[in-house]
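Novice: requesting a structural model of the entry that follows:
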Amino acid sequence: MRQQVPAPPTVVAEPRGTSYTGSVKVYRTLLPALALCTLIALLPAGPATAATAHQDGVFRSLLPPEAGALAVALHVHLLNLHAIDDEAETFRVTAIVELQWMDPGQAFDPRAEGVTEKVFSGNYQFNEISPGWFPQLMISNAVEVPQFQGVLYRVEPDGRSSVRQVMHALVRSPMQLKRFPFDSQRLEIRFALLGFADQPVPLVAADNPITLDAANMRVPEWQLEPPRLYTEQHRSVAGGGIASGDAIVVSIDARRQSLFMLRLVMLPLALIVMLSWCVFWMDRSSVGDRMAVSFVGILTAVAYQTMTSDIMPHVAYITFTNAFVFISLVLMSATVIVNLRVAAYDKQGHHERGNRMDNLCKWLFPACYTALVSFSGALTFWLL
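Specialist: Numbering: from 1, shown residues only. Model prediction:
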């Protein structure tokens with residue numbers, strides 16, 4: 001009996017392009033939905049949506065308290081003041097600055113948190129872990145970006161917060177050197193808060209606004225008076241326009257100790273000038289010796305001025321020291337003219353005229369020197 005072998009199953013090949021056609025149909029179906037979702041995402045959120053997004057989670061704690069309910073108090077502890085550069089009108093200061101404010105959004109329950117005070121110490125804890133908003137302090141008259149070393153952020157259960165940092169800054173303060181070396185300068189540090197024009201944050205002085213480390217507050221050649229603090233109006237460029245608010249100014253009066261310049265420049269130069277007047281007591285016929293004394297005095301004064309030029313301020317206007325040196329040089333140069341005139345009288349046989357001129361110059365030169373120096377001092381100290 002013959003056995004019938006079943007035929008192999010017929011494999012019907014799927015027409016080429018059927019899978020691609022299905023994918024195209026799927027894409028055609030999803031494309032309008034994707035376009036609609038993209039359009040909704042690009043639409044600006046309404047005021048209620050934006051406010052809700054900022055009031056949820058951590059974002060709310062990163063915003064400052066509402067305007068009118070916040071005042072930041074500043075306390076400054078001066079550690080050191082040094083490197084007073086009167087030519088560049090700058091000085092360096094090191095201080096501990098502390099900002100204090102009330103933020104109800106940071107209030108917490110001590111029993112729930114298990115602590116009576118939240119403390120974030122160091123840059124990592126302050127920058128990465130602390131959830132609160134804090135004011136940004138700036139120095140409006142700083143020459144370089146101030147450097148802050150160390151940070152301590154503290155939050156009490158009622159929301160009272162404080163940030164304490166060590167600050168190093170190079171500050172510029174205008175200086176008037178017309179009375180140099182008998183001048184006094186006012187060194188000022190202007191503190192302000194970096195904010196927005198539509199939401200200024202007031203900066204006020206703390207209960208004990210300023211203290212200092214008297215042992216380290218010593219500057220060579222300067223005598224520092226106790227610091228003072230006052231408030232002034234401050235205007236700066238802020239986000240959204242020009243911000244106007246209060247600035248805290250720490251003012252330190254510094255009086256220059258003039259003994260250094262007196263013994264190094266002014267007294268020796270005055271002595272050289274007076275020695276040059278000895279020509280009026282010399283024999284009128286020895287004109288060569290008289291001229292030698294006069295020129296030695298002039299050259300000595302010029303060399304002395306060149307040697308001390310590095311310790312004198314390089315400013316465009318005339319200081320009292322500049323006027324004193326110029327008057328001294330002019331009076332010594334005038335002795336050369338007197339020597340030539342006396343020699344001319346002696347050569348013409350008018351010996352009495354030469355003697356009278358010498359006798360006149362014996363008191364006229366000291367009187368003119370004293371009067372000119374006094375006039376320059378009065379003009380510098382009281383009239384300008």
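
Novice: work out for me the element the closest residue to Glu89 other than its chain neighbours sits within.
Specialist: Leaving out its chain neighbours, the residue that sits closest to Glu89 by C-beta to C-beta, 6 or more residues apart in numbering is Met175, at 4.8 Å. Any C-beta I mention is one placed from the backbone N, CA and C, and that applies to glycine too. For Met175, there is no host helix or strand (DSSP states H and E).

Novice: okay, now Met175: neighbour count?
Specialist: Counted with other C-beta atoms under 10 Å, residues neighbouring Met175 total 22.

Novice: give the contact list for it.
Specialist: In this structure, Met175 makes contact with 86, 89, 183, 185, judged by C-beta atoms under 8 Å, 6 or more residues apart in numbering.

Novice: let's go with 6 Å and repeat that
Specialist: 86, 89, 185 (C-beta atoms under 6 Å, 6 or more residues apart in numbering).

Novice: before we move on, what about His77?
Specialist: So His77 contacts 96, 211 (C-beta under 6 Å, 6+ apart).

Novice: tell me what it is bridged to.
Specialist: Legend: beta-bridge partners of His77 under DSSP bridges are Ile96, Thr211.

Novice: how much space separates it from Pro227?
Specialist: According to C-beta to C-beta, to the nearest Å, His77 and Pro227 sit 11 Å apart.

Novice: check Val342 too.
Specialist: In terms of C-beta to C-beta, Val342 sits 60 Å off from Pro227.

Novice: tell me which of those two has more neighbours.
Specialist: Per other C-beta under 10 Å, whichever of Val342 and Pro227 has more neighbours is Val342, with 26 against 19.

Novice: what's the offset of stretch 97-105 from the middle of its chain?
Specialist: 25 Å (C-alpha atoms, centre = their mean, to the nearest Å).

Novice: Gly349 versus Thr306, what's the distance?
Specialist: Distance from Thr306 to Gly349, by C-beta to C-beta: 43 Å.

Novice: meant to ask about Leu269
Specialist: 38 Å.

Novice: of these two, who's got more company?
Specialist: Leu269 (21 against 9).

Novice: show me the helices in the stretch 201-350 of the chain, by range?
Specialist: Taking DSSP state H, counting those that start in this stretch, the helices of the stretch 201-350 of the chain run over residues 259-261, 267-276, 287-307, 320-348.
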